[in-house]
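In: can you look at this prediction? I've put the sequence above it.
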Amino acid sequence: MKILLVQPAKARLTVGGEDIHLYEPLALEYLAAGVAADHDVRILDMRLEPDLARALAEWAPDVVGITAYTVHVRTARRLFDQVKAWNPRALTVVGGHHATVAPRDFLSPAIDLIVRGEGVAVFGEIVERHERGAAFDGIPGVGFARDGGLVMAEYSPAVDLDAIPHPRRDLTAQHRSRYFSEWMRPLASMRTSKGCPYRCSFCALWKITGGRYLRRQPDRIVEELAGIREECVFFADDESLVDAERMKTLAQRIGDAGIAKRYYLYGRSDTIAGHPDLLEMWRKIGLERVFVGLEFCTDEDLRYIGKGSSVDDNARAVKILHDLDIEIAASLIVRPDFGHEQFAALARYCRELDLNFAGFAVLTPLPGADLFDQVQDRLLTRNTDYCDFIHTVLPTALPLREFYREFARLYTGAIPMARQLSLVRRYPLRELVPVVRSARRMYGRMRELWRDYEGEGLAREGTGD
C-alpha cells in the first residue's frame, strides 16, 4: 500500500513556527518506522513542499495521515477535506497532541480515524487492517464517528519507548540540510524521554502520559545518536534533564562512545540549579544551548501557573549556565492582564539576568490543560489559528493596540543591543542579512498584531474585564 504522512504548515494568521525554527517531522518519521516494510511510505513536509494536490496526484496514496498540534487543527481539517475531494476512498487518519487531548475537534466526514496517544504501533495496525479490509474497532486509542458521536477505544498512556523502532530519517533526506533552530543548522531531532512529572496549569504534556515520565535507556539512545549524521542535535523531549542520574549516565556513555555533537535541550531552572555537576558533564560532551522556561519574574506568578520553581531557582540556573558558557534560550510568559508596570518589570528582569536571548509567549490556555478548564468561559476566540503563544485568546487589561506595542518592545528592548550582537555573531556571515530581515518583519508584525482581531470584532479600545 502507498502511505502519505503530512506535516502541515502554519496558517496564514499564525505567528512564529517555521518563521523562526524548523524541526524535522520526528513524529511522522516514527510513524513511518512502525509500518511494515512491504508498504511504501512518503513524508510530505508542507512547510517546505506546500503542494498537497501535486503529492496526491503523483503518489496516489491509499492512506493519508496528518499530525497536528492545537495551532494546526483548522489547517489539518482543510487538508483532509482536500484529500477526500481528490479520492473519497483514501483512508484518512489524524493523530498528534491535539487529537490526544481533544479528539472531538476532529469529528469530520473527511476524517476516518482519530488516534490518541503514542501512535507508532497503532498506525502500523491501522495500515495492516486496511489492507485486509478489516474493521478498526478495538485498536487501542483509535476512534471514529458512529451514530453522530465518537467511538473511542481505551489506550494506555504508559509506553515502552525502547520498544519503538528508530525513526525513518531517510524519508526526509532531501530536506535535512534545511532543519534548524536559530544558528544551529542543519539540526537533527531525537527523543530521549516523554512526559513530565510536574503539573504546570498551562501545559497538558504531563496528561498525555498519565502523569508519568517515560524514559529511554541510555544505551538505546547512544545507538540511535551514533547513526545521526548532523552535527547539531535537538532533544525533542518535554523535559530532558529532570532525571539527573539517567542524564549523567547518558553523558558518560556518549563520551565513552566518542560521539562528537553539539546539543540543544530543554531543562527546568530548578533542575539546573540543583545539579550544576550534571550541566558540567554535558558541557564537556558538547551541550551548547539549553531552553529554560524561566516564565515569570515573581514567585507569585510562578505559583499562579503551578510551575514548582522559584525566581531564586531562575537566578541560580542562569548563573550556572553562564559560568559554563552554555547559551540560554530563556522563555518568559506575558499574562494577558499585564499592565505597563508588569511589562517594564519583565524587561528589567531580563536585563538584570544578563541574558543574550529571551523569547516571550502570551499565556495561552490550550485544550487539555487545567488552565483551559478554568478560563474557557472567558475566551475571546476559539479559532485555533490564534493558539501560537503570540496571539492572546484571553481579554487583555491594556487595549490590544497598547498590549502588542508593549509586547513587541520586549523583543527589542529587554535584551541590550550589545548582548544581542553577541548572539548574532554565532550565525554564519551569509545568514546574517536574512536573519536580521526576518527579525525586523517579525517585530513589525507583533506591533500590528491587534489588527488580526478586527475580523473577530475584538479590536476595540480595551478588551479587559
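Out: The structure has been received and is ready for your questions.

In: quick one, strands of the stretch 51-200 of the chain?
Out: Using DSSP state E, counting those that start in this stretch, the strands found in the stretch 51-200 of the chain span residues 63-67, 91-95, 113-115, 142-146, 149-152, 180-181, 187-190, 193-194.

In: the third one - contacts with which helices or strands?
Out: When contacts are defined as 3 or more Cβ pairs under 8 Å, 6 or more residues apart in numbering; DSSP states H and E, strand 113-115 packs onto strand 91-95, helix 120-132, strand 142-146. (C-beta placed from N, C-alpha, C; glycine too.)

In: mean pLDDT and mean neighbour count added to these, as TSV?
Out: Output for the helices and strands packed on strand 113-115, formatted as TSV (pLDDT from 0 to 100; neighbours: other Cβ atoms under 10 Å):
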stretch	mean pLDDT	mean neighbour count
strand 91-95	98	26
helix 120-132	98	19
strand 142-146	95	19
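
In: for residue 336, which of those is the nearest?
Out: Of all those, it is strand 91-95 that lies closest to residue 336, at 29.9 Å by Cβ to Cβ.

In: how far does that closest one sit from the chain's center?
Out: Between the centre of strand 91-95 and the centre of its chain there are 20 Å (Cα atoms, centre = their mean, to the nearest Å).

In: what residues does it touch?
Out: Contact with strand 91-95 is made by 27, 31, 62-68, 76, 80, 83-84, 106, 110-116, 119, 123, 126, 130, as judged by Cβ atoms under 8 Å, 6 or more residues apart in numbering.

In: to residue 371, which of the strands of the stretch 51-200 of the chain lies closest?
Out: Per Cβ to Cβ, nearest to residue 371 of the strands of the stretch 51-200 of the chain: strand 193-194, 21.5 Å.

In: following the chain onward from the closest one, which element is next?
Out: Sequence order places helix 205-208 as the next helix or strand after strand 193-194, per DSSP states H and E.

In: following that following helix, which helix or strand shows up next?
Out: Sequence order places strand 214-215 as the next helix or strand after helix 205-208, per DSSP H and E.

In: now that following strand, how far from the centre of its chain.
Out: Put simply, strand 214-215 sits 18 Å off its chain's centre (Cα atoms, centre = their mean).

In: average pLDDT across it?
Out: Average pLDDT, strand 214-215: 96.

In: ok, then the element right after it?
Out: Counting by DSSP H and E, the next helix or strand C-terminal to strand 214-215 is helix 218-226.

In: contacting residues around that next one?
Out: For helix 218-226, the external contacting residues (Cβ under 8 Å, 6+ apart) are 162, 166, 190, 192, 233, 246, 249-250, 253-254, 257, 259, 261.

In: those residues, buried ones only, as a PyMOL selection?
Out: Selection of buried members from the contacts of helix 218-226 for PyMOL, criterion 16 or more other Cβ atoms under 10 Å:
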select buried, resi 190+192+233+246+249+250+253+254+261
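
In: relative to residue 348, which of the contacts of helix 218-226 is nearest.
Out: Of all the contacts of helix 218-226, residue 233 has the smallest distance to residue 348: 34.8 Å, by Cβ to Cβ.

In: how about the secondary structure of the closest one?
Out: Of the three states, residue 233 takes strand under DSSP: H, G, I helix; E, B strand; the rest coil.

In: that one contacts residue 188, correct?
Out: Yes. Contact criterion Cβ atoms under 8 Å: residue 233 and residue 188 qualify, at 5.1 Å.

In: remind me which residues of the stretch 101-250 of the chain are low pLDDT?
Out: By pLDDT under 70, the stretch 101-250 of the chain contains no weakly predicted segment.

In: just to revisit the earlier point, just the contacts of helix 218-226: which are in helices?
Out: Among these, the members found in helices (DSSP state H) are 246, 249, 250, 253, 254, 257.

In: can you give me the end-to-end span of stretch 357-368?
Out: 30 Å (Cα to Cα, to the nearest Å).

In: next, the buried residues of that stretch.
Out: For stretch 357-368, by 16+ other Cβ under 10 Å, it's 357, 358, 360, 361, 362, 363, 364, 365, 366, 367, 368.

In: sort the residues you listed by pLDDT and name the bottom one.
Out: Scanning the buried residues of stretch 357-368 for pLDDT, the smallest score is found at residue 357, 91.

In: tell me how far that one lies from residue 271.
Out: Using Cβ to Cβ, to the nearest Å, residue 357 is found at 20 Å from residue 271.
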